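# This is a predicted model, with the sequence first.
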Amino acid sequence: MIISAESVWKSIEAIRLNSPLIHNITNYVVMNTTANALLAIGASPVMAHAEEEVEEMAGIAQALVINIGTLSSRWVESMFIAARTARKRDIPVIVDPVGAGATRYRTETVRRLLQATPPAIIRGNASEIMALALQDASTKGVDSLAGSPAAVNAARGLAAEFGGVVCISGAVDIIIGGSKTVHILNGHPLMSRVTGLGCTATALCGAFAAVERDYAAAAAQAMALMGIAGEIAAKRSSGPGSMQFHFLDILYNMKEITIEQYLKAEMLP
Amino acid sequence: MIISAESVWKSIEAIRLNSPLIHNITNYVVMNTTANALLAIGASPVMAHAEEEVEEMAGIAQALVINIGTLSSRWVESMFIAARTARKRDIPVIVDPVGAGATRYRTETVRRLLQATPPAIIRGNASEIMALALQDASTKGVDSLAGSPAAVNAARGLAAEFGGVVCISGAVDIIIGGSKTVHILNGHPLMSRVTGLGCTATALCGAFAAVERDYAAAAAQAMALMGIAGEIAAKRSSGPGSMQFHFLDILYNMKEITIEQYLKAEMLP
Amino acid sequence: MIISAESVWKSIEAIRLNSPLIHNITNYVVMNTTANALLAIGASPVMAHAEEEVEEMAGIAQALVINIGTLSSRWVESMFIAARTARKRDIPVIVDPVGAGATRYRTETVRRLLQATPPAIIRGNASEIMALALQDASTKGVDSLAGSPAAVNAARGLAAEFGGVVCISGAVDIIIGGSKTVHILNGHPLMSRVTGLGCTATALCGAFAAVERDYAAAAAQAMALMGIAGEIAAKRSSGPGSMQFHFLDILYNMKEITIEQYLKAEMLP
């Protein structure tokens, strides 16, 4: 796994050049903002959830993003159909277990999905990752666990169980893939006051995984871009409202030199 | 019922300190913007509507906000389940009867909900409140009725029938609770050109009711904060687009001194 | 068909004066942004999709906008019910075939809808219009076809088949109604980096058709307003984030002199 300004930039250029089609089955809250973030980096978002068409849509996409933020039974069925199609075509599936641990329905739905179609990348906060790994809800909302040995062990267990990359986002983003671990130290606390920036991170993981087959690298690059854009946006913003448009403008105008200047990543042995 | 800068500020501080979890079953149009407004004032929004999980989600929330803006039968079932759970747990239920009077389905669904689980606060515009009180649609869209004796009588009747607080929002917001009435004179006409600021007011009522058990006071405080933030945002904005981000930035940065300076409230005997 | 600054302005004034109620059955991604655009120009948006109420809602509206961006079977049923009601009442129906050609479900659903209730206006990009006309998906995503003879012929065929106006949006917007064709040369490439501006164009077609019974003129006026506002917004913006709020502010503040200054339209013989 490589995480360097050069590798982040190479993937951004590939996204801008190829405009990969990212099929999102995601939650109502963030559909607009994640579509805009994908457009801002040069990808082509499509949102489609009807069981009549998800197989066909996943059949022409370069990545599939599944986000359970406002799940219900019909949507869950479509998530399974789309994920099977994506696996068959060998395109990356990215899973965002929004609110896992908050209700049994969320935790169990995601675990069933992971078992049926192990994803390329799972991205969640510490409490969601722990809820998935431990299969209970005792960690509900305990975001202070981010970066703790318990959260990292949970992510490692999940990565081992399903064979994919696990990304815990927080003050430090931790990406665990195979035996390697990367820490992304970029970002800003104001990002947590804007709804759905975690979901945006997951969607960007989809775009990066569409152009970078080393999914751990793709996840690390996406989190780096998120963190850098968030950091710069926060400096320019008076609050979470202006944060949102600055963030999109910065994604759209991102330059290699900015990534070189801002990137703070650590590769752990 | 107290409405003073001190009481508004005390509730804002309590929200910032405790980050109450506000469970929203709301409409597609405003999910993103109401989540952002709740985050901006320091609350924790969650959107969940599946019948498989609403009982559990309402079971960990500090307030439940039900908004029928884009209702359909499955969602209505979940609203009833969540409202029953909230009542059982004695957490406040806030109801926004969006479009009551426009179709029978809306008017009747809200009346059934009010009868099954009388809410802490109902917040609507004059025509919605009159449609609910009179159970017909003859007042459809008659927002000029805001503040009229007819609208106030309708609100009083509704408050008496269901035992909760009724808030009519408009150029003057009228909060009716028990025998007391409060007028909030803050706000700006540009607010009506931004979709869903009424829904945001309802969501903020949820956050305030989560920390202030006098629900009439909570509703008045939420409407005061809305009006003050809207007034300041309108001054800084060139139109309804910039209004939106200024509004969130102002909510996020609100200070006690600003509330003292701007609050225009009248308590009626 | 007339397209002049005077005619665009006359319709804008009529929208501001009459606030026509525009009933939208549209996709989750753009509900908020299209509602805001309609409010910014002075129209009254309502979003409603439940089969229990769409007949009644379409029964009080001045135009119906149907957008299949995130279609599913229940929503499609409601689209048919609402479209029948609108036809019966002789109010304009505007159809946005988002993603036609990408999946059979989309192409076939829209064709069934066009056959059951021929709309006043169909607005799509070149590949969507070609997919509808040719009933296959071989043109999928081929936006470079915009303005090509093949796309124009497809639009002409569609207009002849269903008797309505067809609008192909792209770098040049082409409006085909009866034997007349109008080109709108306004707009800016940055508009394609904001999700849902095509859907906004469709919604604005609804508002213009509510006040202008010559639907080809209404479509051309709406596209002209879109293009002019987009052009000015792009100049003021650092990227697709700030583009969004500038666009709404500019719609809200639009003046006749600005339209006179910017309008670039060509009427073809």
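Yes, it's here.
# mind checking which helix or strand residue A:195 is in?
Using DSSP states H and E, residue A:195 sits within no helix or strand.
# Sorry, slip of the keys, the one I care about is residue A:232.
Secondary structure (DSSP H and E) places residue A:232 in helix A:215-236.
# Check which element follows that helix along the chain.
helix A:240-253.
# Helix B:215-236 and that following helix, what's the angle between them?
Helix A:240-253 and helix B:215-236 are oriented at 50 degrees to each other (axes from the mean of the first three to the mean of the last three CA atoms, to 10 degrees).
# which outside residues touch helix A:240-253?
With CB atoms under 8 Å, 6 or more residues apart in numbering or on different chains as the test, helix A:240-253 has contacts from A:33, A:36-37, A:40-41, A:190-191, A:193-194, A:197, A:225, A:229-230, A:232-234, A:236-237, B:36, B:39-40, B:244-249, B:252, C:193, C:237-242, C:244-245. The C-beta positions use only the backbone N, C-alpha and C, and glycine is treated the same way.
# change it to 6 Å
In this structure, residues lying in contact with helix A:240-253 by CB atoms under 6 Å, 6 or more residues apart in numbering or on different chains are A:36, A:40-41, A:190, A:193-194, A:229, A:232-233, A:236-237, B:40, B:245, B:248-249, B:252, C:238-242.
# Give me the buried subset of these.
A:36, A:40-41, A:190, A:193-194, A:229, A:232-233, A:237, B:40, B:245, B:248-249, B:252, C:238-242 (16 or more other CB atoms under 10 Å in any protein chain shown).
# so where do the helices sit in chain A?
A:5-18, A:31-41, A:54-58, A:73-89, A:104-116, A:126-134, A:149-162, A:197-211, A:215-236, A:240-253, A:256-262 (DSSP state H).
# okay if I get those helices as a markdown table plus mean pLDDT?
Below are the helices of chain A laid out as a markdown table (pLDDT from 0 to 100):
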| stretch | mean pLDDT |
| --- | --- |
| helix A:5-18 | 98 |
| helix A:31-41 | 98 |
| helix A:54-58 | 98 |
| helix A:73-89 | 98 |
| helix A:104-116 | 97 |
| helix A:126-134 | 93 |
| helix A:149-162 | 93 |
| helix A:197-211 | 98 |
| helix A:215-236 | 98 |
| helix A:240-253 | 98 |
| helix A:256-262 | 98 |
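# Comparing those, which comes out most buried?
Mean neighbour count (mean count of other CB atoms under 10 Å in any protein chain shown) peaks for helix A:197-211 among those, with a mean of 28.
# That one versus helix A:5-18: what angle between them?
Per the same axes, to 10 degrees, the angle that helix A:197-211 makes with helix A:5-18 is 80 degrees.
# Show me what helix A:197-211 is packed up against.
Secondary-structure packing of helix A:197-211 (3 or more CB pairs under 6 Å, 6 or more residues apart in numbering or on different chains; DSSP states H and E): helix A:5-18, helix A:31-41, strand A:63-67, strand A:93-96, strand A:121-125, helix A:215-236.
# now do 7 Å
If contacts are counted by 3 or more CB pairs under 7 Å, 6 or more residues apart in numbering or on different chains; DSSP states H and E, helix A:197-211 sits against helix A:5-18, strand A:21-25, helix A:31-41, strand A:63-67, strand A:93-96, strand A:121-125, helix A:215-236.
# okay, the fourth one in CSV with CA atoms only?
The C-alpha atoms that make up strand A:63-67 are tabulated as CSV, following Å, rounded to 0.1, in the frame of the first residue of the first chain:
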residue,chain,number,x,y,z
ALA,A,63,-17.9,1.0,-8.5
LEU,A,64,-20.8,0.3,-6.2
VAL,A,65,-21.4,2.3,-3.0
ILE,A,66,-23.9,0.9,-0.5
ASN,A,67,-24.8,3.1,2.5
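# How far away from the center of its chain is that strand?
9 Å (CA atoms, centre = their mean, to the nearest Å).
# Contacts (any at all) between chain C and that strand?
No. On the criterion CB under 7 Å from any CB of the partner chain, strand A:63-67 is out of touch with chain C, staying 12.7 Å away.
# Contacts for that strand, please.
Outside strand A:63-67, the residues that touch it by CB atoms under 7 Å, 6 or more residues apart in numbering or on different chains are A:20, A:22-27, A:58, A:79, A:82-83, A:86, A:91-96, A:98, A:199, A:202-203, A:206-207, A:209-210.
# can you check the second one too?
In this structure, residues lying in contact with strand A:21-25 by CB under 7 Å, 6+ apart are A:34, A:38, A:43-49, A:54, A:57-58, A:60-66, A:75, A:78-79, A:82, A:203, A:206-207, A:210.
# Flag every residue of the stretch 51-200 of chain A that's near chain B.
When proximity is defined by CB under 7 Å from any CB, the stretch 51-200 of chain A lies next to chain B at A:70-73, A:99, A:102-106, A:193-195.
# Residue A:165 - nearest residue in space that isn't next to it in sequence?
In space, and not counting its chain neighbours, residue A:165 is closest to residue A:177: 4.1 Å by CB to CB, 6 or more residues apart in numbering or on different chains.
# Repeat that for residue A:68.
Closest residue to residue A:68 apart from its sequence neighbours, by CB to CB, 6+ apart: residue A:98 at 5.5 Å.
# and that neighbour, how many neighbours?
27 (other CB atoms under 10 Å in any protein chain shown).
# quick one, the helix holding residue A:232 and helix A:31-41 angle?
Regarding helix A:215-236 and helix A:31-41, their directions subtend 100 degrees when assessed with the same axes, to 10 degrees.
# for helix A:215-236, packing partners?
With contacts taken as 3+ CB pairs under 7 Å, 6+ apart, helix A:215-236 sits against helix A:5-18, strand A:121-125, strand A:165-169, strand A:173-177, strand A:180-184, helix A:197-211, helix A:240-253, helix A:256-262.
# tally of neighbours for the residue nearest to residue A:165?
22.
# Could you report the separation of the residue nearest to the spatial centre of chain A from residue B:220?
Nearest to the mean C-alpha position of chain A, counting by CA atoms, centre = their mean, stands residue A:202 at 1.8 Å. Plainly put, residue A:202 is 40 Å away from residue B:220 if you go by CB to CB, to the nearest Å.
# now do residue A:240
25 Å.
# Would you agree the residue nearest to residue A:68 is in contact with residue A:70?
No. Using CB atoms under 7 Å, residue A:98 is not in contact with residue A:70; the gap is 8.3 Å.
# intersection of neighbour lists for those two?
Between them, residue A:98 and residue A:70 share these contacting residues under CB under 7 Å, 6+ apart: residue A:27.
# that older thread, mind giving me a markdown table with the helices of chain A and columns for distance to residue B:183?
Shown next, in a markdown table, are these (distance: least, CB to CB, whole Å):
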| stretch | distance to residue B:183 |
| --- | --- |
| helix A:5-18 | 54 |
| helix A:31-41 | 36 |
| helix A:54-58 | 52 |
| helix A:73-89 | 44 |
| helix A:104-116 | 43 |
| helix A:126-134 | 43 |
| helix A:149-162 | 50 |
| helix A:197-211 | 38 |
| helix A:215-236 | 39 |
| helix A:240-253 | 28 |
| helix A:256-262 | 50 |
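# Tell me which of those sits nearest to residue C:156.
helix A:54-58 (28.4 Å; CB to CB).
# Just the C-alphas of that closest one, formatted as CSV.
The C-alpha trace of helix A:54-58 is given here as CSV (Å, rounded to 0.1, in the frame of the first residue of the first chain):
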residue,chain,number,x,y,z
VAL,A,54,-30.2,-2.2,-9.9
GLU,A,55,-28.6,-5.3,-11.6
GLU,A,56,-28.5,-3.4,-14.9
MET,A,57,-27.2,-0.2,-13.3
ALA,A,58,-24.5,-2.1,-11.3
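# other SSEs contacting it?
Applying 3+ CB pairs under 7 Å, 6+ apart, one finds that helix A:54-58 contacts strand A:21-25, helix A:73-89.
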